[in-house]
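Enquirer: Using only what follows, build the 3D model:
(2 chains, ligands or ions: 1)
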Amino acid sequence: MVKVRVFATLRGIVGKSELEVQADTVGELLEKLYNEYPKMKKELEKGAVILVNGKNIEHLEKLNTKLKDGDVVSIFPPVGGG
Amino acid sequence: MFGYMGKILRVNLTTGEIKVEELKEEDAKEFIGGRGLATKLLLEEIDPKVDPFSPENKLIFATGPLTGTTAPTGGRYMVVTKSPLTGFIASSNSGGFFGPELKFAGYDFLIVEGKADHPVYISIKDEDVEIKDASHLWGKRVGETTDKLLEEFGDKKARVACIGPAGEKLVRFANIMNDKHRAAGRSGVGAVMGSKNLKAVVVRGTKQVELADKEKFMSVVKEKIKKIKENPITGGGLPQYGTAVLVNIINENGLYPTYNFQTGVFKYAYEQSGEALAAKYLVRNHPCFACPIGCGRVSYHPAVGITEGPEYESIWALGATCGINDLASIVIANHLCDEFGLDTISTGGTLAAAMELYEKGIIKQEELGDAPPLRFGNSEVLHYYIEKIALREGFGDKLAEGSYRLAESYGHPEYSMSVKKQELPAYDPRGAEGHGVTYATSNRGGCHVRGYMISPEILGVPVKLDPHDVSEEKAKWVKIFQDLTAVIDSSGLCLFTSFALGADDYAEMLNAATGFDYTTDEWLKAGERVWNIERIFNLKAGLVPEKDDTLPKRFLEEPMPEGPNKGHVVKLHEILPKYYKLRGWDEKGYPTEEKLKELGLDKYY
Ligand code: SF4
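Expert: Now for the predicted structure:
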């Protein structure tokens, strides 16, 4: 199982801040989440930051990034500040 | 002159002379306004080697051509002076409503010179400008000072910028507060104000900013507001959670500085995030003048009542870097900093350095007497020492000098997490190399708003850059961000618009307001000119690039101990030469004659 943490507006959609999902890649994980929480897809279409153990998937293998048991996936809608 | 009021108000506190001068159009064209033009004036009018606390230093309140217009976030102004913290150029940006009001009174700039022989304030009602006695306000906190002045002034629509006790006591990181909770926060501009015995500026104006092409301006502005509203950051995350929405993402990425930057992961970050703040203390949003974003927070805590903030930086500075997790303590500490007139970043950064020095046995309890031990995680420390710093009492007197002077006095400057003696903000550069370069080269010292590389390196906006890349491409982005930021600051807009807008958007608004027909590249060139004139000021003030364009040793030599950036140090030596080259500077970091000629700045250096 992979631990998924969601933040900001996603918390309202998912109804909690953490959940567990079984998936082999980030792409697969997102599909499962979108099935369960269709609103999440809409929110993340505008851009998202997805980290696997703190590393941005943009600099790994994007949606093909492999997942294994115990990995932590953090998902953020577009955020900014300073 | 469209966009500008065309006037500079000059008040000499030594002689009592008050003058109004014309703003030169060619200056406005070259340096835009605000930060840029004020730096040019300061460089011409003072010797950059001057003691920042001497009457020879000047304090410039500077608006830009878009301040006071309906351009989205057109409420910003800058305070420019020589910094008592860094010894280099200081330019602190603030929002709220003070800047627009100064323009409505008819002035683009207020230049304060000399030093009054007793506490005074400057009262401005359009053309009616007076220096008034402020003895009864000396020692008062920001909230009370503001209320009393508004009452005395007799017009509740007036706006106040003032210092608190910290500015009076020349705390090197005292700020200027306007509208009670908005801060020209960094580099000690409040201490310069205090050194002039100037407690406040109260202003009320009844004029309007004339625009070159009103209709065009209105339609351009409408379109930019739409872009801002539709952007998920400026139209979603920022209004909903404020800047504190960053806490979690920065922490999850492993660059949330904790325990004075000893690590980049704080296990209690969740408890002090924007999400937690919204759930526990948020009352409503509070936008600055003409702002469609509204990141400002009005919050409530029974100990302090209704207050504002805390912002991301303040949450971090009064939280993680001091090892403090408890959000209630942070809300109270933030309120105290606002009331005393202290920069939250430098306050937290200095306390964190003191905590590390204490825990390493370098500062001894005997020296603190009965005061609380300076231990990480001790929230009692926050509230106690904030007051002691502001009043320069007991050990607070040493802390009031800032982390660098403190750590250096114990023979350990390496524990000060600062650049050019100014405390660093809330991002560990071991997790964002480009951001590290902006720290090292920032003209006003340790700072995140002189080229916010976190945006492309961590947030993926407007492009996704690998945080650990140190290529020429990265250096190129650093330069673009720095120059664009100089344009935005000089225009009078808020930097947060840049999450939604690009260089073209700013150029369009500026042209419609001023009637200048600059291309986007020409505006960016003006930004580059601003960057370089600041550099010239610093070089004349004694900057030695080889020594001063650097980072604390910790980032260069101590690998990040844990988290996603484990094992990383900053490869500044690899990227800095690339950056200098792109800037058109020599390999040591000095602007070349060729570059200065190209920018029309050779006469200044
Ligand atoms: S985005 Fe925030 S800081 Fe910027 S102008 Fe708006 S309310 Fe003020």
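Enquirer: drop to CA atoms for contacts and neighbour counts, all remaining ones
Expert: Fine.
Enquirer: residue in chain A nearest to the ligand?
Expert: Distances between chain A and the ligand by CA to the nearest ligand atom are smallest at A:G81, namely 8.6 Å.
Enquirer: What are the boundaries of the helices in chain A?
Expert: Counting by DSSP state H, chain A has these helices, from start to end: A:9-14, A:26-36, A:38-45.
Enquirer: avg pLDDT for the longest one?
Expert: Right, helix A:26-36. Average pLDDT, helix A:26-36: 97.
Enquirer: contacting residues around B:G369?
Expert: With contacts defined as CA atoms under 8 Å, 6 or more residues apart in numbering or on different chains, B:G369 has no neighbours.
Enquirer: So which elements touch the lengthiest helix in chain B?
Expert: Longest helix in chain B by number of residues (criterion: DSSP H): helix B:520-541. Counting contacts by 3 or more CA pairs under 8 Å, 6 or more residues apart in numbering or on different chains; DSSP states H and E, helix B:520-541 is packed against helix B:25-31, helix B:34-45, strand B:89-94, helix B:472-491, helix B:503-514, helix B:593-599.
Enquirer: Would you mind listing the buried residues in the shortest one?
Expert: Along strand B:89-94, the positions that meet the burial threshold by neighbour count (16 or more other CA atoms under 10 Å in any protein chain shown) are B:89-94.
Enquirer: what does the first one give?
Expert: Across helix B:25-31, burial judged by 16+ other CA under 10 Å covers B:28, B:30-31.
Enquirer: Out of the residues you listed, flag the one nearest to chain A.
Expert: Among those, B:F31 lies closest to chain A (CA to the nearest CA), at 25.3 Å.
Enquirer: Can you tell me how far that closest one is from B:K40?
Expert: Distance, B:F31 to B:K40, using CA to CA, to the nearest Å: 8 Å.
Enquirer: just B:Y107 next, same as before
Expert: 17 Å.
Enquirer: higher neighbour count, the two?
Expert: Between B:Y107 and B:K40, counted using other CA atoms under 10 Å in any protein chain shown, the more crowded position is B:Y107 (29 against 20).
Enquirer: which residues does the more buried one contact?
Expert: B:Y107 touches B:5-9, counting by CA under 8 Å, 6+ apart.
Enquirer: Tell me how far stretch B:459-475 lies from the chain's centre.
Expert: 24 Å (CA atoms, centre = their mean, to the nearest Å).
Enquirer: picking up where we left off before, deepest-packed of the helices and strands packed on helix B:520-541, please.
Expert: Greatest average neighbour count among those goes to strand B:89-94 (a mean of 27), per mean count of other CA atoms under 10 Å in any protein chain shown.
Enquirer: Now do that one, average pLDDT.
Expert: In this model, strand B:89-94 has a mean pLDDT of 98.
Enquirer: Sheet partners, orientation included, of that strand?
Expert: strand B:77-82 (antiparallel) (DSSP bridges).
Enquirer: Redo the helices of chain A as JSON lines? Include distance to the ligand and mean neighbour count.
Expert: As requested, those are exported to JSON lines (distance: least, CA to the nearest ligand atom, whole Å; neighbours: other CA atoms under 10 Å in any protein chain shown):
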{"stretch": "helix A:9-14", "distance to the ligand": "18", "mean neighbour count": "17"}
{"stretch": "helix A:26-36", "distance to the ligand": "31", "mean neighbour count": "16"}
{"stretch": "helix A:38-45", "distance to the ligand": "21", "mean neighbour count": "15"}
